[in-house]
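J.: Sequence unavailable; structure follows:
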């Protein structure tokens, strides 16, 4: 037996400034678009109808930003998180250009931070990942950090370098897609009448609907993005024989559920931060609520930006609260996700 | 917390003559077509092969009529059946133009009947729904009626108006798609040699095959049509924690199974009536049988019309009978569906 | 009740030299391509990226050979294996032309061997099946043999004819697709650096990853190829109420898992033999290993051929061994599959 298989990198394999070109580019087809709608109750009109997208100034309906994110993210798994203990957070996520059917995406990552944990067994790796299309245009960029095992516990301790990351993006950081306009926006077809001025900072919206998670669904939805993390697919990886649901599946599910109350928050322009607070497994029933954190005008006259906290919870969640009295997350919170969306002003 | 989410309409919200433009238009791609074949054992050649469809005078293989129906139907759920207790029936369903990949569909409904139930807690709402394509051509039209909860039990009773609906469509009501011909029909490629004259009125056909239903399959197949009814997706909606399978899933499953014995009943031209007799849940094994109710020539020389009762049953069903001795439906009957199909004469 | 449904052919229905044109041609779309990636952790770059395929001299990314195989195979089930007790083996499988989105495939089989079993209840049928595209070009050809029930145990015994089949294909038998070249092959994007010369005959590769099988996944993946064998879909077909996973699902799963260690074995050029050693059911966790059996140059200067044994196993499999001490297959072996792949030299 030889050892030609990839068993992933370990904490001591990473070096600050290291650039990794992730393998297996992917051409996106209408099959992936349709599958997204089979996997998530996604209804934002800009991603459902070519006509609606054209009325908003785009050539046709783009791939939803989260699908583009999953494709770019999936490619990083074999090099970044195969030996990860936990996916700790996201920051500075920017959607720079819409992705369309026919585009071919590839991913490149740079190691921008390293910090060994006090246990000596693991360390935190910060990575800035970029997704490029066939014209070498950057379409997406984000930072994530993961806790990774050491292969050799005796490996020399690396110099700690914690990157300086923005607490959140400012509206000036966001890129409004070329041509996007909400001048002819059809609120009837979009499904709700609320525009930016109808939302108050601090307002919380209970998205009402819920979905019970199934193994076959989360595995297919994770696999189509060529994400290979073992814990999602192989029940023998964990002592309790449960498969962990890919955190991105929870993000997409919560975002799709948020249509009900945020139907006009059409495009995701930036990811400020994100935490997978508790694990999700098959059988959990996911629902979602949002909190309006900020709102702003953009450089485009009728395009506004709304900053939202999107929270996914499992089972009961009457209170729309994240924390216990002692400041810890409630056990039913799965996701705490902070993003900017573009919405008619 | 604000209340921007759609919690659906209640019986007292409907008025005769009211027209509802349902949100979220949808551009259909080859992804949806392929998914239909993953969800159902669909084998009718006209919907499987562009070459076969061209030999039948169509520009290419259309989307199966039931997929078009599910898309148009799904859009009506948030406005019509979110608070429905039961989906009571269908009538006057017409497929007016084939739907092709690339088409963008939207739905419009008119309230055509209202009748409060004697309990005072619910009422029946009759709706005529039309699906339009991007050229504002009506591609599909059907009536359904649902039992809907009242929000306020003290709400004023509405004047009863029960619409006058045809017991069934006549062959003159049916629209044969432009150009359709069975002159060069290839029975070998279609899979069976039977044409209209081979079927006798009263003949029953046991379709032999069966499928055991899975949660992930019925949820994905319902979700891809953007149907948002909670009972299909959220196990906490019902006391016994079962998810109800979308009635349209049972229709599509039974129709696909009916290939075996009715392979040449290629196009669905009209829906005469339909009843979801008993609920279907995951784990049920669905099989189907058909009864020939009528046959007729159409305006197109080699295109015949066959009127079929399509019955879906769960578990055992040796007798091909709908009713018990007392005239009630047998408990294993899931669906009693009456439609017209086009078939070589 | 009439008997218009296909209940399949029985052993005594087959005659040497008989040619069967299988019904229901199929036009392949990007939906089927995408679904393949949802069903299997498929990552070979030539099938993932149009750009990568163009760099290898092809007009765009073809459909993976196994998907083409499943489509052609699925069409044969109603005529060949509906009453099969077991799928015994494959031989002389050749991929003659790449299959692309837009192609319409149909299948034709010739009966090339018959042998009644000593029990008198069953017999073995050898079939050579060819898949043709819309230009009547043969794109795929293979032999399989199945054990089929007799309808009438008293039927006259047929004359035994066992076809003379190659033990395995030679490299001269393989067809390298027109234009294929690995001259500009990008090993970074493909995911591994190993080329033909890096593999030694006799070398075994443990592919490390594993997938736990779910009912909904294997049913959808089998159904999309219009395979109608009852045991995959109808739990009432077997006394223990388990559904048998389609053998081709195990082949595709194992091949996809083999990316990890064989990322550059891009195209399947021939199938030498294949055995479904043990049944696979939902809940089984499949992993895979490969053994290098041979290697050779092809007529194309930079395209090599590698002959591989691909083994799928369920649950534990530390030893990478097929057989027990007594020469019987180990009970955890699901598949023993021998094929030729094309790889940079």
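T.: Everything's here; your move. Values in this document were obtained by computation on a predicted structure and should not be read as measured data.
J.: burial count for residue A:13?
T.: Counted with other Cβ atoms under 10 Å in any protein chain shown, residues neighbouring residue A:13 total 16. (C-beta placed from N, C-alpha, C; glycine too.)
J.: Please name the nearest non-neighbouring residue to it.
T.: residue A:151 (7.5 Å; Cβ to Cβ, 6 or more residues apart in numbering or on different chains).
J.: Is it correct that the one you found is in contact with residue A:8?
T.: No. Residue A:151 is beyond contact range of residue A:8, at 9.5 Å (criterion: Cβ atoms under 8 Å).
J.: Neighbour count: those two, which is higher?
T.: Between residue A:151 and residue A:8, counting by other Cβ under 10 Å, residue A:8 is the more crowded of the two (21 against 14).
J.: Pull the contacting residues for the residue lying closest to that one once chain neighbours are set aside.
T.: Spatial nearest neighbour of residue A:8, chain neighbours left out: residue A:82 (2.8 Å); criterion: Cβ to Cβ, 6+ apart. Residues near residue A:82 by Cβ atoms under 8 Å, 6 or more residues apart in numbering or on different chains: A:6-9, A:228-230.
J.: Select from the residues you listed the one having the most neighbours.
T.: Within the contacts of residue A:82, most neighbours by other Cβ under 10 Å means residue A:228, with 25 neighbours.
J.: ok so, going back, the residue nearest to residue A:8: what secondary structure?
T.: coil (DSSP: H, G, I helix; E, B strand; the rest coil).
J.: try residue A:33
T.: Using three-state DSSP, the structure places residue A:33 in helix.
J.: Model confidence for the residue of chain A at minimum distance from chain C, exactly?
T.: The nearest approach of chain A to chain C comes at residue A:31, 2.4 Å away (Cβ to the nearest Cβ). Residue A:31 carries a pLDDT value of 98.
J.: so it sits right up against residue C:32, yeah?
T.: Yes. At 7.3 Å, residue A:31 counts as touching residue C:32 under the criterion of Cβ under 8 Å.
J.: joint contacts of these two?
T.: Common contact partners of residue A:31 and residue C:32 (Cβ under 8 Å, 6+ apart): residue B:34.
J.: follow-up on the earlier one: pull the contacting residues for the residue nearest to residue A:13.
T.: Contacts of residue A:151 by Cβ under 8 Å, 6+ apart are A:10-13.
J.: rewinding a little: burial measure for the residue of chain A closest to chain C, as a count.
T.: 28.
J.: Who are the contact partners of it?
T.: Counting by Cβ under 8 Å, 6+ apart, residue A:31 touches B:29-31, B:34, C:29-35.
J.: So is the helix or strand hosting residue A:72 next to chain B?
T.: Element membership of residue A:72 [criterion: DSSP states H and E] is helix A:65-80. No. Helix A:65-80 is not in contact with chain B by Cβ under 8 Å from any Cβ of the partner chain; minimum separation 12.0 Å.
J.: How about the helix or strand just after that helix and chain C, touching?
T.: Remark: after helix A:65-80, the chain's next helix or strand is strand A:84-95, criterion DSSP H and E. No. If you take Cβ under 8 Å from any Cβ as the test, strand A:84-95 misses chain C, and the best it gets is 15.5 Å.
J.: Strand A:84-95 - contacts with which helices or strands?
T.: helix A:65-80, strand A:122-132, strand A:138-149, strand A:267-276 (3 or more Cβ pairs under 8 Å, 6 or more residues apart in numbering or on different chains; DSSP states H and E).
J.: again, only using 6 Å
T.: For strand A:84-95, the elements it packs on are strand A:138-149, strand A:267-276, judged by 3 or more Cβ pairs under 6 Å, 6 or more residues apart in numbering or on different chains; DSSP states H and E.
J.: out of those strands, deepest packed?
T.: Stretch with highest mean neighbour count among the helices and strands packed on strand A:84-95: strand A:267-276 (a mean of 23; mean count of other Cβ atoms under 10 Å in any protein chain shown).
J.: Find out how far that strand is from the centre of the chain, if you would.
T.: 6 Å (Cα atoms, centre = their mean, to the nearest Å).
J.: so that strand versus helix A:65-80, what angle?
T.: If you take axes from the mean of the first three to the mean of the last three Cα atoms, to 10 degrees, strand A:267-276 sits at 40 degrees to helix A:65-80.
J.: Please name every helix or strand in contact with strand A:267-276.
T.: Counting by 3+ Cβ pairs under 6 Å, 6+ apart, strand A:267-276 packs on strand A:84-95, strand A:333-344.
J.: on that earlier part again, by neighbours, which of the contacts of residue A:151 wins?
T.: Greatest neighbour count in those, by other Cβ under 10 Å, goes to residue A:11: 25 neighbours.
J.: Could you check the pLDDT of that one?
T.: We have a pLDDT of 95 for residue A:11.
J.: and if you look at residue A:7?
T.: pLDDT recorded at residue A:7 is 83.
J.: Identify the residue spatially nearest to it, adjacent ones excluded.
T.: Nearest residue to residue A:7 in three dimensions, chain neighbours excluded: residue C:208, at 6.6 Å (Cβ to Cβ, 6+ apart).
J.: Assumed that neighbour was part of a helix.
T.: No. Read with three-state DSSP, residue C:208 is strand and lies in no helix.
J.: Can you give me the neighbour number for it?
T.: Residue C:208: 19 neighbours (other Cβ under 10 Å).
J.: Of all the helices and strands packed on strand A:267-276, which one comes closest to residue B:299?
T.: For the helices and strands packed on strand A:267-276, proximity to residue B:299 was assessed by Cβ to Cβ; strand A:333-344 is nearest, at 48.1 Å.
J.: Check which helices and strands that closest one sits against.
T.: With contacts taken as 3+ Cβ pairs under 6 Å, 6+ apart, strand A:333-344 sits against helix A:247-257, strand A:267-276, strand A:303-314.
J.: surely residue A:124 meets residue A:113?
T.: No. With contacts counted by Cβ atoms under 6 Å, residue A:124 stays clear of residue A:113, the gap being 7.2 Å.
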